[in-house]
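Trainee: Structure, please.
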Amino acid sequence: DLYQRQIAECEDELMHKVWDNTPWMIDAYTGSISRDNERYQEIMEWCRDQFGPEAWPIHGKPGDWHCGGATVHGWTWLGFATKEM
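Mentor: Numbers count the residues shown, from 1 in each chain. Here you go, the predicted model:
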């Protein structure tokens, strides 16, 4: 899975702080992260409705899901606390 390939063996403390509590990661096509992008906004809203507020691990805010801070060619990492999510 994505977490095992990208984060588990990584020696970067910040990456572990960001992703260790939401290790069930996907690479989702979100399109642009601009406020005008309906797809991105709908995905974020759906996650909030289903799983509650987004975690902000680097700021100490807990939560069961997290959206990565970088979108590359429309693809964004999303992490979840459990596989079932």
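Trainee: contacting residues around the lengthiest helix in the chain?
Mentor: Secondary structure of the chain per DSSP state H: the longest helix is helix 38-51. Outside of helix 38-51, the residues within contact range by CB atoms under 8 Å, 6 or more residues apart in numbering are 28-35, 54, 63-65, 67, 71, 76, 78, 80, 85. Placement of C-beta: from N, CA and C, glycine included.
Trainee: For the longest strand along the chain, list every residue counted as buried.
Mentor: Counting residues, the longest strand found in the chain (DSSP state E) is strand 65-72. Buried residues in strand 65-72, defined by neighbour count with 16 or more other CB atoms under 10 Å: 65-68, 71.
Trainee: is it possible to export those to a markdown table including pLDDT and distance to residue 44?
Mentor: Listed next are these as a markdown table, based on pLDDT from 0 to 100; distance: CB to CB, whole Å:
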| residue | pLDDT | distance to residue 44 |
| --- | --- | --- |
| 65 | 98 | 10 |
| 66 | 95 | 11 |
| 67 | 95 | 7 |
| 68 | 91 | 12 |
| 71 | 88 | 12 |
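Trainee: okay, the residues you listed in a markdown table with distance to residue 58 next?
Mentor: Output for these, formatted as a markdown table (distance: CB to CB, whole Å):
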| residue | distance to residue 58 |
| --- | --- |
| 65 | 15 |
| 66 | 10 |
| 67 | 13 |
| 68 | 12 |
| 71 | 17 |
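Trainee: Can you tell me which of the residues you listed is closest to residue 59?
Mentor: residue 66 (11.3 Å; CB to CB).
Trainee: and that closest one, what is it in contact with?
Mentor: Per CB under 8 Å, 6+ apart, neighbours of residue 66: 18-19, 21-22, 54-57, 78-79.
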